[in-house]
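>>> kindly generate the corresponding structure for this input.
(2 chains)
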Amino acid sequence: MDLTRLEINRRTALLTSAAIAANVINPMRAFAQDTPRKGGVFNVHYGAEQRQLNPSLQASTGVYIIGGKIQENLVDLDADGKPVGVLAESWEATPDGKTVAFKLRKGITWHDGKPFTSDDVAFTAMNMWKKILNYGSTLQLFLTAVDTPDPQTAIFRYERPMPLNLLLRALPDLGYVSAKHLYENGDIRQNPTNLAPVGTGPFKFVKYERGQYIIADRNPDYWRANAPYLDRIVWKVITDRAAAAAQMEAGELHYSPFSGLTISDMARLGKDKRFIVSTKGNEGNARTNTIEFNFRRKELADIRVRRAIAHAINVPFFIDNFLGDFAKLGTGPIPSTSTDFYPGADTPQYPYDKAKTVALLNEAGYKPGAGGTRFSLRLLPAPWGEDISLWSTFVQQSLQEVGIPVEIVRNDGGGFLKQVYDEHAFDLATGWHQYRNDPAVSTTVWYRSGQPKGAPWTNQWGWEDKTVDKTIDDAATEVDPVKRKALYAEFVKEVNTELPVWMPIEQIFVTVITAKARNHSNTPRWGSTSWHDLWLSA
Amino acid sequence: MRILSLAGRRLAASIPTLFLILIGVFLLLQMAPGDTVDALMAQMGGGDAASARELRQFYGLDLSIPMQLANYLWRLVRLDLGFSSIYGKPVASVILERLPPTILLMTASLSFAFFFGLVFGVIAARGVNRWPDTLISTLGLIFYATPSFWFGLMAIVVFSVYLQWLPSGGFEDIGTVQSGVWRVLDIASHLVLPTLTLGLIFLAIYLRIMRASMLEVLNLDFVRTARAKGLDETHVVTRHVLRNALLPMVTLIGLQAGTMLGGSVVVESVFSLPGLGRLAYESVVQRDLNTLLGIVFVSALLVIVVNFVVDLLYARLDPRIQADG
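Next up is the predicted model:
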């Protein structure tokens, strides 16, 4: 019998909880328990395989959960959500915001033994972040060059001012560095290193068995002293959510990230002492549920109809009965977890008020016709999560009550994106808006006009507002953090008034993790970070 | 020699069918909204239009549909299955990797279903309308009516979570590197639950068919003759009835070999097995046309081979049927 199986059998699990109980009584033992323990294998639930594992090329949690342990970023977020250096030691921007200089850490080597230098940063920034990385290409649009006066200095030069606080909040996700010597020849997209990543991180890639598992082992030459603690991380490919929950219970998995289990299983495991089920450590991955309106439908182009639809839906009721503790009432595109930009709830809101809905619809001229029907709509729900499916049914029933029959049209991922963001074949669409720590990364594109047709999760509503466009553009290049925050508050007020997209629910991913894990969920994007300090208690 | 020429003729006859199937699947997938780049965007959580355009070029999606189809068929003629867009390597090697688990699971559960279906079918037929028959038929009905994902999950909950007898998923143990007999045993232990889950539903069908066909043969004249000759009952059943009653069972195996490949998507997902069913499902969701067509191609080949073997078995079981008839 192997070590993993031994660790997880139920008897030892019970003994562990007994030991934890004993610690409460004996503080000396509690102290001994909290001394980090070296060793152990950490088994992670991997729900959806990606086409590659290099986070310099693809910004998504499915890549970070693996690549983020092997490769490292220039900066990450600390426990309070403030930028903290990883590969970069310090940084400085010129007052005009057009130059940002990063001082890099000395003595770091790639897993293949070659030294890490500013050349790697310059190469990655110009060839990957600017050209291939999703969201990176938008962020670095005005990046003209990266100068490398010495191996420890990388100077980013921009054509237009780059707010330092935007860059530092975007780089944890969009600032992973790849090795120049492995990528400089040939097509970057087809490079075999993409599936066998080489980095500077605490874990070294060992093996990827497609459809089964990925293994990474401890990097003995890691630059942080005494890190990492774990011997090995194994990501197990399990596509069935219920089966993954069973494997958690059988002890064959230690961690299921990013709401990987069903809502009912997460609620059930939350009552089990062997697991911790929490939204903690996912604050940096906030998302909002949306209702996207297609302005090509004349009814929906009328602001009174959009507001009427919002007033018709009892959001608190939906959250209480279907999502429970894992969600809260949203107030707009910037979620309350964003301490730097959240403008408060003092913007136009649309509480449940059926009388108001009826009044607004009548006023707009859509009186009930035969059978009480005012007009009918097609709703396209995204297939990303069961909350969206529940929400679309709830919307359907709520609107039925006010005389708007809704037909729900379900698609898989590719089909949904094509129909909504390219063919515009929808009346209402609903999915998630992902907030990435700064509104300029992936939020304002939902509202800024002039988005190319077919770009997913952007303004494809057939709606244009010059005032909103100007606020977005001003904020994107405003280097003064205080003024920038004020501009985004203004932006939220404007879009909540016009309501091209309604974002009434705020959610954070849910983590399910073994109670034996220590130093977990201690930063706002923990699932994506390097886990250099994670350890497993006996 | 006769067998070889028969095989050759069979293969030649199935080639047009194969091409029709492939063209059909190709066109069907064109009707699904979105392509592999849309699916990739969905996975990435966004991307800009310029890189989408570049990606379409990269995957060869900028060509017209007839051009893409012609390219594909031309490659196929040269026995090249193309490049998988989700795996970034040749489709042939992707499928080859997934083939062993699928074939293992398939043969294991088919054998399980065939053997126990046969045994229980005979027992039920021998005690028709008495308690063994009622018990077996009722159980069969329950197995048949239960969805396989539920069976699988319940099996995991009972045998992996509570009893901890068997692993809950995967093809083999990752923690330790095993070789020889130990590896075989390890893989076997991982396949017990999936085999049972997949096999139970087929078991129900087999035992119903076996029971009905036994009952039919038992009433034929030659059975009465055998009994009149003074043969004991065991002899009559094994030598005379069973052999004749097996024909419908063998037909069924031929038919179901194809179904089992598709039917294992659910079982493979529940037990996290790296099989062809899951690969096919993933290829549809990711709009990976080459991989999907490759799987259809391989599955069709497999069905043709199995049916060929079934034809040979017919001739062996019943000499009146000629292999070339």
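
>>> which residues does the closest residue to chain B within the stretch 151-300 of chain A contact?
At 3.4 Å from chain B, residue A:211 is the closest residue in the stretch 151-300 of chain A, using CB to the nearest CB. Every C-beta, even on glycine, is put in place using the N, C-alpha and C of the backbone. By CB atoms under 8 Å, 6 or more residues apart in numbering or on different chains, the contact set of residue A:211 is A:49, A:237, B:97, B:98, B:274, B:278, B:279.

>>> most neighbours among those, which one is it?
With neighbours taken as other CB atoms under 10 Å in any protein chain shown, the top of those is residue B:279, carrying 28 neighbours.

>>> dump the residue contacts of the closest residue to that residue other than its chain neighbours.
Of all residues not flanking residue B:279 in the chain, residue B:98 sits nearest, at 5.1 Å (CB to CB, 6 or more residues apart in numbering or on different chains). Applying CB under 8 Å, 6+ apart to residue B:98 gives the contacts A:211, B:274, B:275, B:276, B:279.

>>> which pLDDT value goes with residue B:98?
Residue B:98 carries a pLDDT score of 86 in this model.

>>> wait, a helix at it?
Yes. When DSSP: H, G, I helix; E, B strand; the rest coil is applied, residue B:98 is found to be in a helix.

>>> which bits of the stretch 351-500 of chain A sit near chain B?
Proximity of the stretch 351-500 of chain A to chain B, by CB under 8 Å from any CB of the partner chain, involves residues A:411-419, A:422-423, A:434, A:442, A:452-457.

>>> buried ones among these?
Using 16 or more other CB atoms under 10 Å in any protein chain shown as the burial test, those include A:411-419, A:422, A:434, A:442, A:454-457 as buried.

>>> which of these fall in strands?
Filtering those for membership in strands, criterion DSSP state E, returns residue A:434.

>>> in the helix or strand harbouring residue B:183, what counts as buried?
Assigned by DSSP states H and E, residue B:183 belongs to helix B:180-218. Within helix B:180-218, the residues scored as buried using 16+ other CB under 10 Å are B:186-187, B:190-191, B:193-211, B:213-215, B:217-218.

>>> among those residues, which ones lie close to chain A?
Okay, of those, nothing touches chain A (CB under 8 Å from any CB).

>>> ok, so what distance separates residue A:103 from residue A:92?
Counting by CB to CB, to the nearest Å, the gap from residue A:103 to residue A:92 is 8 Å.

>>> do residue A:419 as well
Separation of residue A:419 from residue A:92 (CB to CB): 47 Å.

>>> could you do residue A:351 as well?
For residue A:351, the distance to residue A:92 (CB to CB) stands at 47 Å.

>>> which stretches of the stretch 151-300 of chain A form strands?
When assigned using DSSP state E, counting those that start in this stretch, the strands of the stretch 151-300 of chain A occupy the ranges A:153-158, A:203-209, A:213-218, A:232-237, A:255-256, A:275-278, A:286-293.

>>> which of those strands sits most buried?
Mean neighbour count (mean count of other CB atoms under 10 Å in any protein chain shown) peaks for strand A:255-256 among the strands of the stretch 151-300 of chain A, with a mean of 27.

>>> which strands or helices does it pack on?
For strand A:255-256, the packing partners by 3 or more CB pairs under 8 Å, 6 or more residues apart in numbering or on different chains; DSSP states H and E come out as strand A:41-46, helix A:241-249, strand A:511-514.

>>> ok, which of these comes nearest residue B:6?
Nearest of these to residue B:6, taken as CB to CB: helix A:241-249 at 44.1 Å.

>>> and the closest one, what does it pack against?
Short answer (3+ CB pairs under 8 Å, 6+ apart): helix A:241-249 packs on strand A:41-46, strand A:255-256, helix A:263-269, helix B:148-155, helix B:242-270.

>>> Throw these into CSV and include mean pLDDT and distance to residue B:26, thanks.
CSV is the format used below for the helices and strands packed on helix A:241-249 (pLDDT from 0 to 100; distance: least, CB to CB, whole Å):
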stretch, mean pLDDT, distance to residue B:26
strand A:41-46, 95, 31
strand A:255-256, 96, 37
helix A:263-269, 91, 38
helix B:148-155, 87, 29
helix B:242-270, 79, 18
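
>>> tell me which of those sits most buried.
strand A:255-256 (a mean of 27).

>>> quick one: contacts of that one?
So strand A:255-256 is in contact with A:42-45, A:244-245, A:248, A:511-514, A:517, A:520, going by CB under 8 Å, 6+ apart.

>>> do that again at 6 Å, thanks
A:44, A:45, A:244, A:512, A:513 (CB atoms under 6 Å, 6 or more residues apart in numbering or on different chains).

>>> then stretch B:81-94?
Residues outside stretch B:81-94 that contact it (CB under 6 Å, 6+ apart): A:51, B:36, B:59, B:75, B:286, B:288, B:290, B:291, B:294.

>>> distance from it to the middle of the chain?
Distance of stretch B:81-94 from the chain centroid (CA atoms, centre = their mean, to the nearest Å) equals 22 Å.

>>> what residues sit buried inside that stretch?
Within stretch B:81-94, judged by 16+ other CB under 10 Å, the buried ones are B:81, B:82, B:83, B:84, B:85, B:86, B:87, B:88, B:90, B:91, B:92, B:94.

>>> tell me the one among these nearest to chain A.
Closest approach between those and chain A, by CB to the nearest CB: residue B:86, at 5.4 Å.

>>> any idea how far the residue of the stretch 151-300 of chain A closest to chain B is from residue A:78?
Separation of residue A:211 from residue A:78 (CB to CB): 37 Å.

>>> cool, residue A:69 as well?
Counting by CB to CB, the gap from residue A:69 to residue A:78 is 18 Å.
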